[in-house]
Structure formats: structure tokens, C-alpha cells
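In: Sequence below, structure please.
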Amino acid sequence: MEEHAPVQNPKLIARVARFCGHSGGAAIQIVGILLALAAVSIALLVHTLGVRFRRDLARLALEDRLDILDSARWKVAASDRLLRAAENAPEPPHDRPYLVISIEERHLWYKLGGAILFTTQVATGSGKTLDNEGDASAWKFDTPRGRLVVQSKEEEPVWVPPDWHYVEQSRKRGLGLARLEMGQTLTASDGSIIRVEGTDVVRALPDGRRDVLQATDGREIVVDGKLLVPPVGTTQRRYEGVLGSYRLNMGNGYAMHGTNQPQTVGRAVSHGCVRLRNEDIAKLYAMVEVGTPVYIY
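Out: Predicted coordinates:
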């Protein structure tokens, strides 16, 4: 960096000489000292500004790093979701309980380290495939392998049958399918009209009578030889008792729950969920906390 000599002001020098009572040479020395002090002050100011500038740059860099860290956190969260579906699950924790489910053995263990806190038989996915007519997609009824987690717990869960339930039931019973949408009506061969009123599917008869239709698992609404698919949100698409009294949700529609068919426990018969006898899911529900890891293999 180049250094510039200070500019001397003759009038200022004379004033200082008169004020101090010194000769011109002494005055010049005093002014030189003053100018040197001013230069030092300016240098200190520049240094201070430089320090602040570097500090601000460091702060901005830190904020950028924090943004990167936030981005990394999101990536870790995404990786965790992918990890749930991975078959090569990490080692179970040593300091807190976790669940292990064997699809082949159809067995569940609730463990802490090497200790077994609870164990029982379960039912797992059948592995069957159900084609969706008129669509290239299909439903595969497998229990997912890998690392999952207990995301939430429910008492007295209500099952909302997915579309595959109606496709499956219609084929078992040799029936067609009729889908009812909100705001739409279906006219039956006897002149009655099927529609949604509030949260109920009703049949309005030609004589003015109105019947609220009933639907349960295996006893769905049938109209003119077609199995009716009620809209989601209606009472007729909410089945109580099918899932037992408790459910531990693992995400993506998969759960551990009770059953109204206890004879199926120990078999590969479910549509992907893990079924337990009602007395077993009640015990597990009381023991397992939200956030508990679940390792399925």
C-alpha cells in the first residue's frame, strides 16, 4: 500500500506558533505530531472498520452455513423417511425399547437391549396382488420391511375401507361396482334414489319414504346387483370394531391393531397391517410410546 505525506497548512502552523509562543520550527514539529496522531487515529478507524467488515462477513458466512445446516436437516429427515422403507435397517437402540416383527415367523417382540418385555403372535400381509380393473395399477398386500416408527396411538379406531376393499368384496360375491359421489344421485330399478344427506347414504323411495342405509364389513350396500362404494366421510364408509380397541400407526396406512377375526392371527392374511389379538394389542398399547422404533424383517 502506498503512503501519502500529510499536506501542511502554513496558516495553521502560524496560528499554532503564536498560540504556543514557539518559533516556526517548533510549531512545525507540534503540527507534525498532531498530524501523526491524526494519522494514527485514521489508521485505527480503518482497522476497526476492517475488523467490523470481516466480522460481518463472518456472520454472513455463518448464516449461510446455518442455511446449509437447515438444508442438511431437511435432507436427513428425507433420508429417515427413505430409511423406513429400506430393508437394511440400522441396529436397534440399546438405551430404549423397540419393536421387532418377523414376517416369516409372524411374531412380534417388544425389547429393551437383550431383554424381552413382551412377545406374541401376529398376522401379516398375505402377499397377494389385486388388479384394479380399468386401471393399470394394482394393490400389493405386503407388510413393509425395514425401519418404521410408531407415529401415533388410537383408542377405539374406526376403519375407513380403501377402494380395494370394495373391489375385493365385489369379486368375492360376483357383483359389479357402483360409485356414489358427493352431490350425485343413483336411480335404482325400483324408482328409488340413492343419495348422500348430511353424512348418511339414504334411499328416497317413490312414495316419499326415506331409509338410512346400513353398511358393515362383509355387509356392504348392494343396489341392482352392484356393490355401492360410498363417499369417504359418510357413516357408511366407517366401520367400527374391525380393528379391535387399539391401533398403533406406523405411517402410509400401515399399523399394528386388534381384529374382529382372532383366528387369523399367526397367518399371512392381512392387507399389509400387523394384526394382534385384542388382548395383546391392549397390553402393547399400554407399554409402547409414540416414537418407538419398529424393525420389520
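In: Would you confirm that residue 140 contacts residue 129?
Out: Yes - taking C-beta atoms under 8 Å as the definition, residue 140 is a contact partner of residue 129 at 5.2 Å. C-beta coordinates here come from the backbone N, C-alpha and C atoms, glycine included.
In: Walk me through the domains of this structure.
Out: 10-85, 93-157+243-297 (automatic domain parsing).
In: Show me the shaky parts of the stretch 101-250 of the chain.
Out: Applying pLDDT under 70 to the stretch 101-250 of the chain flags the ranges 134, 136.
In: Now with 90, please.
Out: Applying pLDDT under 90 to the stretch 101-250 of the chain flags residues 114, 132-137.
In: Any idea how many residues pack against residue 249?
Out: Close neighbours of residue 249, defined as other C-beta atoms under 10 Å, add up to 20.
In: That one belongs to a strand, doesn't it?
Out: Yes - under DSSP: H, G, I helix; E, B strand; the rest coil, residue 249 sits within a strand.
In: Specify the beta-bridge partners of it.
Out: Under DSSP bridges, the beta-bridge partners of residue 249 are residue 152, residue 255.
In: What residues does it make contact with?
Out: By C-beta atoms under 8 Å, 6 or more residues apart in numbering, the contact set of residue 249 is 150, 151, 152, 153, 154, 255.
In: Any idea what residue 200 is bridged to?
Out: Going by DSSP bridges, residue 200 forms beta bridges with residue 197.
In: How about the one 10 residues further on?
Out: Note on residue 210: beta-bridge partners by DSSP bridges are residue 204.
In: I'd guessed it sits against residue 202; true?
Out: Yes - applying C-beta under 8 Å as the test, residue 210 and residue 202 come out as touching, 5.6 Å apart.
In: the more surrounded of the two?
Out: Counted by other C-beta under 10 Å, residue 210 and residue 202 do not tie: residue 202 has more neighbours, with 17 against 13.
In: element containing the more buried one, please.
Out: Using DSSP states H and E, residue 202 sits in strand 200-204.
In: residues making contact with that strand?
Out: 180, 188, 192-196, 210-213, 215, 221, 228, 230, 234-236.
In: how about the nearest residue to residue 132 once chain neighbours are set aside, phi and psi?
Out: In space, residue 132 comes closest to residue 138 once its chain neighbours are excluded; the distance is 5.9 Å by C-beta to C-beta, 6 or more residues apart in numbering. When quoted as degrees, to the nearest 10, the phi and psi of residue 138 stand at phi -150, psi 160.
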